[in-house]
Each structure stands twice: as structure tokens, then as C-alpha cells.
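[1] I'd like to go over a predicted model; first the sequence, then the structure.
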Amino acid sequence: MPSRVSDAIRTQPGHLLYKHLDFNSVKELPDSHAWHDEYSSSDSCSMDSVPVIDLSDPNAMKLVGHACKIWGVFQVTNHGITTSLLDDIESAGRNLFSLPIQQKLKASRSPDGVSGYGVARISCFFPKLMWSEGFTIVGSPLEHARQLWPHDYQKFCNVIEEYDREMKQLAGRLMWLMLGSLSTTKEDVKWAGPKGDFEEASGVLQLNSYPACPDPDRAMGLAPHTDSTLLTILHQNNTSGLQVLREGNGWVTVPPLPGTLVVNVGDLLHILSNGLYPSVLHRAVVNRTHHRLSMAYLYGPPAGVQISPLSKLVDPTHPPLYRPITWSEYLSTKAKHFNKALSSVRLCAPLNRYDHHDGVKVGQRGLG
Ligand SMILES: C=C1C[C@]23C[C@@]1(O)CC[C@H]2[C@@]12CCC[C@@](C)(C(=O)O1)[C@H]2[C@@H]3C(=O)O
Ligand SMILES: O=C(O)CCC(=O)C(=O)O
Ligand SMILES: [Fe+2]
């Protein structure tokens, strides 16, 4: 079993060889990217809307707790990330994805690699390919940036470094709002470190690009999944596409609101909260006219830390529902079981709504 997050990512099956499509030159949706009705992305319907929380509101903790319990996702304002940094990371993504395909392929995620350019990692669980491309950054982007822009890589690296630093700080703040709403204190979470600032926490930056698509109703930008994280912070450009599954209500679009960031509950917070804050199933759909970009900061615990249900939440009537697991071990499990990963680490049968993703149609491992 891999001991570090980067080793676990290496064992994920996303390295399988897929034909890389030059999205800009395709005039018709190829059969390889045409999804069947059961996966069709055109069935969004709900009138409900995802909560927007002002982080400077004195009630922010309560509102965050409620949103985590009911939605598994919320948007935040007054988060402290400057508009100029959000613009810079968006431009960095735009510059990267607008490079010629041959250039992007120079920074491909290698078979045993961690970072780099490629198709969605979860592609192997679905019979069709997704209308998107991604670039994953773990640690320094320097090596890949040099391959992409041999003479002009420093600006990209500087922006990534600053974005990583700011996201890590915001993620720590959000963690305390989430944990606080579960009446958890610094004493209960030793791995938050001596200063309680989650200094050793790990973060992965995922840049996603969804080009305009000639047949959006039959295409899928990013297939339904939960993130394997504690939480994910997402910045989307001014084009909508992110949808979350709301029990009993279908897919709800999370509209891009200028300057607002989307926060979603990942599988490790689901485990930590003993199922009180369920991770949210989400997907990205595409459209005919607009190029969509999203920048996801995937936040997890320090390498080696075992995540298990908080002891505060466990008693004889509320037994721990999940066994302890590190992030890297969970990523390996996810690579094998995909949307059934949570159930595979569960100790007891669900009492009520836990592991709500089991009933949702997910892909089957298709390419070995
Ligand atoms: C740490 C990780 C989480 C992630 C897999 C990865 O190794 C790096 C990319 C992440 C991402 C981003 C897009 C959606 C997702 C399901 C995927 O295929 O790659 C997530 C993975 C995850 O959260 O499990
Ligand atoms: O592009 C989006 O809105 C979703 C991206 C996402 O789910 C991810 O990167 O994990
Ligand atoms: Fe996601």
C-alpha cells in the first residue's frame, strides 16, 4: 500500500493510453465521446439553489455546518482571495489549455507520474470519454512548465505557488468552520498541528478545461464523482457547468457568481464526520458556445495521518461507521472501487442516508 499521497496517485489507473482529441478542430461529436441516455447530461431540473455563505458573517460556522449537512456544497464570499489572484490563475489555465495539443502532450502525465496533462483520471470507469482535459499539479510545477513554455515558465510557476499558498490557508479556515460546527476543538484534531493551522496538510491543484462542444446534450464534461478529499475549493470562470446531485431533486447547477468560490465536502470529511457531512456527488456539463475553465484545490490531511470518525461523534448509539484510513490509502481504494470506495471502508451497515451514492448509476471499470 503506498504510504505517500504522490505514490497513491501513481497507482491510479488514469495513465491508460487514450486518444487525445484536439477539441478545437472537431466539428462533430465523435462516437468515442457520445454518451448514452442513461448518462445524458441534459437532465438537470431542480429549482433549489446552493447556499451562498459570507465568511465574515458572525453566523458563518452555523451556516457552514447546515450547508455541509444538507447540501455537501456551498459557495463562499469574503473568503480573502483577491480578485486579481483569481484572474491570474484563470489566465494561467487559459494559457496552458490554449497551447497546441502537441505542446501540451510534452507535459503529459506519465504512466508512473503524479502531475501533468491528460484526460480525466476517472475515464477508465466509463465506457465513453469526457469532453475535457486536465492538468494536475502536486508540489512544484516547474518541470512541466519548462516543457510547456521553455523560455517563459516563471510567471506560471509564480501564480501556481501563490494560489497554492492562499488556498491552503483558506482551506484551514474552512476546516475550522466545519469542525467547529461539529463542536470539535483543537484538542480533538491533533493533526492540525501545534498552531492549529494544518501546516502539514496536503493540497493538489487540478486545472480543468471544457471546450465548447458541438453536441453538448450528448457529451459529458466530467462524469459524476465525489472527491477523495476533506474538502475541495473550486474557482470556475464565468461559464456554468458544475452540477451537484440533490437527493430527490436531481442535478442542481452551481452558478458562477463573480468572486465567489465553491466549497464541497469530500469523502474524507464524510468519514471524519461519521457520515454527518456526506460527500457530494457532482459532475461538469458542457455547452455549445463557451469554453469553461475550473480550478480545483483538492485538500487532504498530512501524509500518514489516519482519518477516522471524530471520537466526539462516536458513542454506543453512534458507532464508528468507517475504519481509519490515510489519504493515500483511500486514493488507492478509490482507484479500485471508484464511487463504491466509501462503502468499501465502511464498518457497519448504513443507518439512514449514509453512503447515498450507492444508488446512483456510476461507471464500471472498462479498460482493465
Ligand atoms: C489527489 C487526487 C484527487 C483526484 C485524484 C488525484 O490523485 C488528483 C486529481 C483529483 C481528481 C480531480 C478531478 C476529479 C477526480 C475524481 C479525478 O479524477 O482526479 C479527482 C480525484 C479524487 O478526488 O478522487
Ligand atoms: O469543473 C468543475 O466544475 C468540477 C471539477 C471537479 O469536480 C474536480 O476537479 O474534482
Ligand atoms: Fe470533483
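    Received the coordinates, thanks. Residues are numbered from 1 along each chain as shown. Ligands and ions are numbered 1, 2, ... in the order given.

[2] ok, then the element right after the lowest-mean-pLDDT helix or strand in the chain?
    When the helices and strands of the chain are scored by mean pLDDT, DSSP states H and E, helix 5-10 comes last with a mean of 51. Note on helix 5-10: by DSSP states H and E, the next helix or strand toward the C-terminus is strand 52-54.

[3] So which elements touch that next one?
    Secondary-structure packing of strand 52-54 (3 or more C-beta pairs under 8 Å, 6 or more residues apart in numbering; DSSP states H and E): helix 60-70, strand 73-77. (Each C-beta comes from the backbone N, C-alpha and C, glycine too.)

[4] Out of those, which is closest to ligand 2?
    Among the helices and strands packed on strand 52-54, strand 73-77 comes nearest to ligand 2, with 10.5 Å by C-beta to the nearest ligand atom.

[5] The helix or strand following the closest one and ligand 2, any residue contact?
    Using DSSP H and E, the helix or strand that follows strand 73-77 in sequence is helix 83-97. No. Applying C-beta under 6 Å from any ligand atom, one finds helix 83-97 separated from ligand 2 by no less than 10.9 Å.

[6] got a list of what S344 touches?
    Residues near S344 by C-beta atoms under 8 Å, 6 or more residues apart in numbering: 333, 337.

[7] confidence score at it?
    Per-residue pLDDT puts S344 at 96.

[8] what phi and what psi does the backbone show at it?
    phi -70, psi -20 (degrees, to the nearest 10).

[9] Let's have the helices and strands packed on strand 52-54 in CSV, adding mean pLDDT and mean neighbour count.
    Output for these, formatted as CSV (pLDDT from 0 to 100; neighbours: other C-beta atoms under 10 Å):
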stretch, mean pLDDT, mean neighbour count
helix 60-70, 98, 19
strand 73-77, 98, 22
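
[10] neighbours of Q102, just the number please.
    9 (other C-beta atoms under 10 Å).

[11] For the most centrally placed residue in the chain, which residues are in contact?
    Centroid-nearest residue in the chain, with C-alpha atoms, centre = their mean: D227, separated by 4.6 Å. Contacts for D227 (C-beta under 8 Å, 6+ apart) come out as 264, 266-267, 279, 296, 298.

[12] 10 Å instead?
    Neighbour list for D227: 204, 206, 234, 264-269, 279-280, 282, 296, 298-300, 334 [criterion: C-beta atoms under 10 Å, 6 or more residues apart in numbering].

[13] if we look at ligand 2, which of those are close to it?
    Answer for those near ligand 2 (C-beta under 6 Å from any ligand atom): 206, 234, 282, 296.

[14] if we can go back for a sec, just put the helices and strands packed on strand 52-54 in TSV and tack on distance to D215.
    Formatted as TSV, the helices and strands packed on strand 52-54 follow (distance: least, C-beta to C-beta, whole Å):
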stretch	distance to D215
helix 60-70	35
strand 73-77	28
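
[15] I'd like to know which of the ones you listed lies nearest to V189.
    Closest of those to V189 is helix 60-70, at 15.3 Å (criterion: C-beta to C-beta).

[16] Point out where the stretch 151-300 of the chain drops to low pLDDT.
    Within the stretch 151-300 of the chain, not a single segment meets pLDDT under 70.

[17] near ligand 1, which residues of the stretch 101-250 of the chain show up?
    Counting by C-beta under 6 Å from any ligand atom, the residues of the stretch 101-250 of the chain near ligand 1 are 120-122, 136, 204, 206, 225, 227-229.

[18] for the stretch 251-368 of the chain, what spans make up the helices?
    267-272, 327-337, 341-344 (DSSP state H, counting those that start in this stretch).

[19] Show the pLDDT at the closest residue to ligand 2 within the stretch 1-150 of the chain.
    Residue nearest to ligand 2 within the stretch 1-150 of the chain: G134 (7.3 Å; C-beta to the nearest ligand atom). If you check G134, the pLDDT there is 97.

[20] cool, and N352?
    pLDDT at N352 comes out at 51.

[21] picking up where we left off before, from the contacts of D227, which land in strands?
    If you go by DSSP state E, those have 204, 206, 234, 264-265, 282, 296, 298-300 in strands.

[22] To which secondary structure element type does P224 belong?
    strand (DSSP: H, G, I helix; E, B strand; the rest coil).

[23] Tell me how many other residues crowd it.
    23.

[24] was I right about it contacting G250?
    No. Counting by C-beta atoms under 10 Å, P224 sits too far from G250 to count as a contact (11.9 Å).

[25] any common contacting residues for the two?
    By C-beta under 10 Å, 6+ apart, the residues touching both P224 and G250 are Q243.

[26] for stretch 98-114, how far is the first residue from the last?
    Start and end residues of stretch 98-114 are separated by 22 Å (C-alpha to C-alpha, to the nearest Å).

[27] May I see the buried residues of it?
    For stretch 98-114, burial by neighbour count (16 or more other C-beta atoms under 10 Å) applies to 104, 107-109, 113-114.

[28] Might you specify the subset of the residues you listed located within strands?
    Using DSSP E, none of those sit in strands.

[29] In helices only, show me the residues you listed.
    Secondary structure from DSSP state H places K104 of the buried residues of stretch 98-114 in helices.

[30] is ligand 1 contacted by stretch 294-302?
    Yes. Judged by C-beta under 6 Å from any ligand atom, stretch 294-302 and ligand 1 are in contact via 296, 298.
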